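Colleague: Here's a sequence, model it:
(chains A and B)
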There are 2 protein chains.
Amino acid sequence: MSTASPRDKPIGVFDSGMGGLTVMRALMERLPHESFVYLGDTARLPYGSKSADVVTRYAVQCARALTAHDIKLLVVACNTASSTALPALTQTLAPTPVIGVIEPGAEAAIAAAPSGRIAVIATEGTVRGGAYSRAILARNPAARVTQQACPLFVALAEEGMTTGPIPELVAKQYLDAMLGEAKPECLVLGCTHFPALKETIARVAGPNVVLVDSAATTAKSVERLLGEKNIARESGTPEPPRFLATDAPERFARVGEIFLGRKIAGDSVELVDLQNL
Amino acid sequence: MSTASPRDKPIGVFDSGMGGLTVMRALMERLPHESFVYLGDTARLPYGSKSADVVTRYAVQCARALTAHDIKLLVVACNTASSTALPALTQTLAPTPVIGVIEPGAEAAIAAAPSGRIAVIATEGTVRGGAYSRAILARNPAARVTQQACPLFVALAEEGMTTGPIPELVAKQYLDAMLGEAKPECLVLGCTHFPALKETIARVAGPNVVLVDSAATTAKSVERLLGEKNIARESGTPEPPRFLATDAPERFARVGEIFLGRKIAGDSVELVDLQNL
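Modeller: You can find the predicted model right below:
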């Protein structure tokens, strides 16, 4: 396939690790004619506990590695990077458009919570940055947003410890007081790792709280942006997805399949070094 | 103070983060006349879940940053880096001597377990590398070594969730079957984060299992090595300790005090970039 036309260029997606593959999955389902190249910064994950400066530097390096693949649009699938590095990424990639997961997540939360009572659970970095609150309040100034950092959820998801008494106790510890006080109508899963714990979080949150993750809404926003920029590829078979990882490509292929929901061929994952970008 | 004499040069210590400050604490207690410079690679932690290649590259960069401080000896306080990168570090720093925490930890385990029944709990990387088993069996070929990766312990320690029902359940999940089968006489805390959970681990392990961490034994080994190389500083007031961190120096000073057991002056922590070393 020739990539002579801008429409035929791939969409770039990155995350600190493999969690962003849930966003890529939603993108592939909604945009079946588009080609994708995904980068997971597995050598430096997690981003959620690191400073805004470091996350911004890493995110810009990820974006540069993807521009070498001649992408037509960049999706920042990592909540922490979306929360802290979007201005730097937009500036670095201009005129290539950049879209994060925070704005689509805020949009989904507003839709799910007519009362405006919204709770956001995320990493420390995302909570500290406050990007979800700002994005929600920009759309609905009367919203009441509560935030809670849940860093252990990342470790539990990465170990596959997603149901049973341990994640349930951890979820209760993080959520019980917050849910009791704020009585949110919806709970935003503001980290790509958290959908893995959805079942447990839903049980602790109870039947009156809608769980929102930004994957599907992000795919919708990407579709809209491709249309606006007139760069959507609306027919034809895409290139097979390509993957870049900064560490352990074989583990990426093996574990990544769980998040992507489809087979990842071992030879489609390339080891890359971002340090000099 | 002049550093004209090799004896007056500082000892370099590094870890992926702040856990290695427990080793530095033991060193400062045992060697009160020595000066120290410590590096925590907080921008890229943890090392325990990453590949041997990446850990080795990071460890060599840490070592290079410390050689710029004219160190007379390097202590690798990180179990994962000790387990995977010691040959590369020794080669990079030669003739400056390098010492890790695995050999001293193995020595302490042998002393604590006359029966030879020894269990090691560590990160995935340390367990995968098998360095503790090799070091123990080299000293006592009749030893029976059992290993168990406990990655969640790192997240629990970093969140300060060290006692109570959650760490207790996690410890039971990791240890119960292993303790029941292997009936170890001692349990090596093979990660600098794990001493923070000592109380919980001890309760789950029961009164017949001795907990061993390598901090004190490492300090003893360093003392011996300084003597052998004739570079010990045996009198006088040392320079105040200096600290290097690759991310968030103010958080390093604040959280690091818990591990070091003494005040860390904010202006003694310098932000460094290792990417081009």
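Colleague: Which pLDDT value goes with the closest residue to A:Thr237 other than its chain neighbours?
Modeller: Nearest residue to A:Thr237, sequence neighbours excluded (Cβ to Cβ, 6 or more residues apart in numbering or on different chains): A:His33, at 7.6 Å. Bear in mind the C-beta positions are built from the backbone N, C-alpha and C, glycine included. A:His33 is assigned a pLDDT of 98 by the prediction.
Colleague: what's the answer for A:Ala59, then?
Modeller: At A:Ala59, pLDDT is 98.
Colleague: just the one 3 residues further on next, same as before
Modeller: Each residue has a pLDDT score; the one for A:Cys62 is 98.
Colleague: follow-up on the earlier one: was I right about the residue nearest to A:Thr237 contacting A:Ser235?
Modeller: Yes: using Cβ atoms under 8 Å, A:His33 is in contact with A:Ser235, at 5.7 Å.
Colleague: need the residues of the stretch 51-200 of chain A near chain B, please.
Modeller: A:51, A:53-54, A:151-152, A:154-156, A:158-159, A:161, A:165-166, A:169-170, A:173 (Cβ under 8 Å from any Cβ of the partner chain).
Colleague: Quick one: residues contacting the closest residue to chain B within chain A.
Modeller: Nearest residue of chain A to chain B, counting by Cβ to the nearest Cβ: A:Ala155, 3.6 Å away. By Cβ atoms under 8 Å, 6 or more residues apart in numbering or on different chains, the contact set of A:Ala155 is B:151-152, B:154-155.
Colleague: rewinding a little: of A:His33 and A:Ser235, who's got more company?
Modeller: Taking other Cβ atoms under 10 Å in any protein chain shown, A:His33 and A:Ser235 do not tie; A:His33 has more neighbours (13 against 7).
Colleague: in the stretch 1-150 of chain A, which spans are helices?
Modeller: Applying DSSP state H, counting those that start in this stretch to the stretch 1-150 of chain A gives helices spanning A:21-30, A:52-67, A:79-93, A:102-112, A:124-129, A:131-139.
Colleague: Turn those into TSV, including mean neighbour count and distance to B:Val269.
Modeller: Formatted as TSV, these follow (neighbours: other Cβ atoms under 10 Å in any protein chain shown; distance: least, Cβ to Cβ, whole Å):
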stretch	mean neighbour count	distance to B:Val269
helix A:21-30	22	36
helix A:52-67	22	15
helix A:79-93	23	22
helix A:102-112	23	31
helix A:124-129	22	20
helix A:131-139	20	28
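Colleague: What segments of chain A are strands?
Modeller: For chain A, the strands defined by DSSP state E cover A:11-15, A:36-40, A:73-76, A:98-100, A:117-122, A:144-149, A:186-190, A:210-212, A:242-245, A:269-271.
Colleague: about what we covered before: and the helices of the stretch 1-150 of chain A as JSON lines, adding distance to B:Asp41?
Modeller: Listed next are those as JSON lines, based on distance: least, Cβ to Cβ, whole Å:
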{"stretch": "helix A:21-30", "distance to B:Asp41": "27"}
{"stretch": "helix A:52-67", "distance to B:Asp41": "11"}
{"stretch": "helix A:79-93", "distance to B:Asp41": "19"}
{"stretch": "helix A:102-112", "distance to B:Asp41": "28"}
{"stretch": "helix A:124-129", "distance to B:Asp41": "18"}
{"stretch": "helix A:131-139", "distance to B:Asp41": "27"}
